[in-house]
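Student: Predicted coordinates and the sequence they were generated for:
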Amino acid sequence: DQQVKQNSPSLSVQEGRISILNCDYTNSMFDYFLWYKKYPAEGPTFLISISSIKDKNEDGRFTVFLNKSAKHLSLHIVPSQPGDSAVYFCAARRPSGTYKYIFGTGTRLKVLA
Amino acid sequence: ETGVTQSPTHLIKTRGQQVTLRCSSQSGHNTVSWYQQALGQGPQFIFQYYREEENGRGNFPPRFSGLQFPNYSSELNVNALELDDSALYLCASSFGSGNLYEQYFGPGTRLTVT
């Protein structure tokens, strides 16, 4: 049962344009959502997060939007840069006893120079 | 400040064998979480250790076990290896058991079971 889904395995965007990565979830009990970026041969690196009580969080070029009614979140990167090329994972935290962390399957972003 | 390190980088084992993977947490961190990332999948939570005690477990069988040492480094042990155990194993350290967003990942150990 995939509770966190990233339906686009890959995305290509021109440098300077907006990248939009999407994530859907099924469990309404998730209380925190995060995005991680992963380069080859490295572990995932935390990028940005959002609490379930908010609908937007911005950090520089990165903005995460949360639509709780649609159980959907998205990561916007503006402007996209070639160094943003990586695999992006969304993750959700389930607050039951010890926190359980559920990751999506990832979207590979390629920013074309 | 030393980041999260894992050893070995790569490992090849035969089905039925046992394996031990190691993780050194980032300085000042007292919590280590282990994840399994199969090819084409996202990381799956195996378990977490907080102050040397298991503090939560995902849907993995008992042949996946772990330890955390007084210096907060950690081991993941897998017994009776199966072909499906082939994956990238990631550990992540943090300060406190709930701080997912301040969780720092190591580069992983790639395990191949033949």
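Tutor: Thanks, I have the structure now.

Student: Show me what from chain A comes close to chain B.
Tutor: Taking C-beta under 8 Å from any C-beta of the partner chain as the test, the list of chain A residues beside chain B reads A:4, A:6, A:32, A:34, A:36, A:41-46, A:49, A:89, A:91, A:93, A:97-106. C-beta here means a position set from N, CA and C on the backbone, and glycine is covered the same way.

Student: Give me the subset of those residues lying in strands.
Tutor: Residues from the residues of chain A next to chain B lying in strands, with DSSP state E as the criterion: A:4, A:32, A:34, A:36, A:45-46, A:49, A:89, A:91, A:93, A:100-103.

Student: ok, back up a step: out of the residues of chain A next to chain B, which are buried?
Tutor: Buried by 16 or more other C-beta atoms under 10 Å in any protein chain shown: A:4, A:6, A:32, A:34, A:36, A:43-44, A:46, A:49, A:89, A:91, A:93, A:98-106, out of the residues of chain A next to chain B.

Student: And the furthest pair within the ones in strands among the residues of chain A next to chain B?
Tutor: Largest separation among those by C-beta to C-beta: A:45 and A:100, giving 21.0 Å.

Student: near chain A at all, stretch B:47-56?
Tutor: Yes. Against chain A, stretch B:47-56 shows contacts by C-beta under 8 Å from any C-beta at B:48, B:55, B:56.

Student: Pick out whichever of the residues you listed sits closest to chain A.
Tutor: Of all those, chain A sits closest to residue B:56, with 2.9 Å by C-beta to the nearest C-beta.

Student: tell me what the helix or strand where the closest one lies is packed against?
Tutor: In this assignment (DSSP states H and E), residue B:56 forms part of strand B:53-57. Where contact means 3 or more C-beta pairs under 8 Å, 6 or more residues apart in numbering or on different chains; DSSP states H and E, strand B:53-57 is packed against strand B:44-50.
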